[in-house]
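>>> Compute the structure for the input listed below.
(chains A and B)
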Amino acid sequence: MRFLKAIRSKPWDHQGEIASAMAGDMMSVSTSPQQLALNLFLAVASVLFALFGVAYFMRMEVDTSSPFFCGAGYWEVLQEPDLLWLNTGILVLTSGVIEFTKRESRANRLLTTKIGLSAGALLTLAFLYGQSAAWGILHERGHLVDSTAAASFFYLLSGLHALHVIGGLWVWLSATLSAFLDRDEPNKVSETVRLCAIYWHYLLVLWVALFALFLNT
Amino acid sequence: MAYVPIADRPDEMHDPQSFVTKYIWSQDHKVIAIQYGATAIAIGVVALVLSVLMRLQLGFPDTFAFIDPTDYYQYVTMHGMIMVVYLLTALFLGGFGNYLIPLQIGARDMVFPFLNMLSYWFYLLSVLILAASFFIAGGPTGAGWTLYPPQAITEGTPGAEGGILLMLLSLAVFVVAFTMGGLNYVTTVLQARTHGMTLMRMPLSVWGIFVATILGLFAFPALFVSAIMMAFDHLLGTSFFMPAMISLGESVEHAGGSPILFQHLFWFFGHPEVYIVALPAFGLVSDVLSTHARRNIFGYRMMVWAIVAIGGLSFIVWAHHMYVSGMNPYFGFFFAFTTLIIAVPTAIKVYNWVLTLWKGNIRMTVPMLFAMGFIFTFIHGGLTGLFLGNVTVDLPLSDTYFVVAHFHMVMGVSPVLVLFAAIYHWFPKISGKMFDEGLGKIHFWGTFLGTYAIYLPMHYIGALGVPRRYFALGTTDFIPESAFELNAAITVAAVFVAAVQIVFFINVFKSLWNGEKSDPNPWEATSLEWQTPDNPPRHGNWGLHLPVVYRWAYEYATPGVKNDFVPQTVAPVDVVMEKPGDIFKESEH
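This is a model prediction of the structure:
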């Protein structure tokens, strides 16, 4: 809304409220640049996964009467391994631990922050290991990446989600390292942890949405 | 937290000392802008040469033995992709975006300089991957710049083995590069403006770049998605896009994929892409026109709103590229409607440019010539868009040279003219040297008249029904002899226009080598980049203190004021009036 209000002002009319040379300074920035960039990135990632979602549904509904359809390649439902439930649980736990770490680091409690940072990293690794194990199970059952469209999408989307997790883990590990080596100001670590928490919650919501999609199709 | 501390970071004051940190691994937005610009122009020259080769074949078939159909399709494909993505997008946003955003909003640099540097190196990587495809077995892909499956990855298509993979990889890397740059541009515009720089005091260049960047952030993922899925189809044998079919007498391994799905994804990126190129061009040309006409831009607010409106609408018009794909006719109706709606804000912009010139004190400088040339080519290209936006008119014109002429006028020639206008306009600031006016005028007239000689006849042969994408036309009943002669004439014009670009490069290098030292503000412009303490601006841009902005960037020819322009940084009490004793009151335009 503030944006809409801003673009209604008349810059040539200097008698108005923006006449003050310091007009720009009056408006405050409620989010840090890092926070804004993260928000934008999450929006971009959401568009990315939403487009994959659209593609998923369109591919599911390939018209069997169309000339492209030759009796093969129709949608076969994929039986997802039960291990994914455990992985989802681990991701929920990770989110919780990271939220805990955020609070501890904000309160400047160094020991618990370090414990939280380590636990968060280990749980994230456990999630990634679990996902790769799920891939292994599918592989053993004969569902290869090119077997069916549902399997292709499963590998593609869970893989892309894992890549996003790995990207976040990189930042998380650098914050962990800083905390243990006392390299950065505690404030900086706390800010990184705060942003990581947003990112992990996002990854959790994203995974739950993807998992629900896989289970129901 | 206010904007200014983010704009004014003291660490930016320390000049990088070594050659490597200053010019190679530089985090200075101006150096990165020049790196982006030089890389984009270098790969753009490749695209230009490819277009000449293509035209030689079309104008004089059976003459050039070294061009076979495979080569021809590779030229077409690489020319299109390089021009749209690696030249225009990169030069407008990576080049001018990087250079102008911090300077025009009064910041010392981008908010995330390291990310900015990374963005350039990823972009360079994507260009190198693309260029590498010329040197692999089978050569680059010849699938057409739209890369439609199943053809793009099916045996028999040029570059279907390695070329297409390098293209997809290059595009994916480009998207990553763009996302890093884009997050930076948006954050910088929103959070790093100097004292007094409200959103509505920003020059339209920044507005165009800002909105185009947001479009890019949300449109490029679609390209990323389609590139990844096609790479999966090709490498891993999945069937996202690949249907079951018989190719060269054998059944392919794929089944059930949807080629139309790819088209939707591609154009969901592809159409906003048109505006990712056009909106920065709109912004830059507005500033050039206003400065050299000595008039405030007509309808500033409307110009901003039009940029925002076009940006929004550009996401709901994509399927007008797919009228002949066999989609539901009601879809076509919807997309024709939205397509024609987008003409409204676009027309507002054109009227406003013309009205800015009206009664202006026009200075026929080289940048102004290019900017005015843009108005002509953009109107012509825009009007043929009305034909193609209507389903029933599009059907007979689809896949003819009419389409080629249309999109070259509207998003080839027009943005390129703006690029030249902008390069000439900001050259004195970027280099500190003045270019040769005479050579610049030769460059303009050769380019402007030459492109008309190319594209006006092309509309005609398109209306005759001459199909695009053909290596040679052969003999048919419906193509008269005159069309062949016109094709030859078009090729002559194309070779001429390509040759005229040499004048531009001579001008740039000659001016850099021993050009006259430029005045810090040679065009008597009002915006911040012309008010820097050093010319060209040094690292950190503003010396000790950030500039303070008192007004918008279009205070030209204000009644009662002695000079015909008032820079954004001059306080009201310091404005020199015609009559001593008068007090400057901001104008009511």
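>>> Identify each buried residue in the helix or strand residue B:513 falls within, please.
Assessed by DSSP states H and E, residue B:513 sits inside helix B:481-514. Using 16 or more other Cβ atoms under 10 Å in any protein chain shown as the test for burial, helix B:481-514 gives B:483-484, B:486-487, B:490-491, B:493-494, B:496-498, B:500-501, B:503-504, B:507-508, B:511. All C-beta spots, glycine's among them, are computed from the backbone N, C-alpha and C.
>>> Also stretch B:307-318?
Neighbour-count burial for stretch B:307-318 [16+ other Cβ under 10 Å]: B:307-311, B:313-318.
>>> Between these, which sits nearest residue B:240?
The closest of the buried residues of stretch B:307-318 to residue B:240 turns out to be residue B:318 (Cβ to Cβ; 18.8 Å).
>>> Settle this for me: the closest one is touching residue B:265, isn't it.
No: counting by Cβ atoms under 8 Å, residue B:318 does not reach residue B:265; the two are 9.5 Å apart.
>>> For the helix or strand that residue B:355 is a member of, enumerate the helices and strands it packs against.
Per DSSP H and E: residue B:355 is located in helix B:329-357. Contacts defined by 3 or more Cβ pairs under 8 Å, 6 or more residues apart in numbering or on different chains; DSSP states H and E place helix B:329-357 against helix B:259-293, helix B:300-313, helix B:366-389, helix B:391-397.
>>> would you turn those helices into TSV with distance to residue B:202 and mean pLDDT?
Converted to TSV, the helices and strands packed on helix B:329-357 look like this (distance: least, Cβ to Cβ, whole Å; pLDDT from 0 to 100):
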stretch	distance to residue B:202	mean pLDDT
helix B:259-293	10	96
helix B:300-313	9	96
helix B:366-389	19	96
helix B:391-397	38	93
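>>> Mean neighbour count, those helices: which tops it?
Most buried of the helices and strands packed on helix B:329-357, by mean neighbour count (mean count of other Cβ atoms under 10 Å in any protein chain shown): helix B:259-293, with a mean of 26.
>>> touching chain A at all, that one?
Yes: counting by Cβ under 8 Å from any Cβ of the partner chain, chain A is contacted by helix B:259-293 at B:259, B:261, B:264-265, B:268.
>>> In contact with residue B:40: list those residues for me.
B:86-87, B:90-91, B:94-95 (Cβ atoms under 8 Å, 6 or more residues apart in numbering or on different chains).
>>> report the angle between the axes of the helix or strand hosting it and helix B:481-514?
Assigning secondary structure by DSSP H and E places residue B:40 in helix B:29-59. Relative orientation of helix B:29-59 versus helix B:481-514 (axes from the mean of the first three to the mean of the last three Cα atoms, to 10 degrees): 150 degrees.
>>> Which residues does the helix or strand that comes right after helix B:29-59 contact?
Per DSSP H and E, the first helix or strand lying C-terminal to helix B:29-59 is helix B:69-81. Helix B:69-81 is contacted from outside by B:46-47, B:50-51, B:53-54, B:57, B:67, B:130, B:134, B:139-145, B:147, B:157-159, B:163, B:167, B:469, B:471, using Cβ under 8 Å, 6+ apart.
>>> got the residues of helix B:259-293 next to chain A as JSON lines, with distance to residue B:6 columns?
Shown next, in JSON lines, are these (distance: Cβ to Cβ, whole Å):
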{"residue": "B:259", "distance to residue B:6": "47"}
{"residue": "B:261", "distance to residue B:6": "42"}
{"residue": "B:264", "distance to residue B:6": "39"}
{"residue": "B:265", "distance to residue B:6": "36"}
{"residue": "B:268", "distance to residue B:6": "33"}
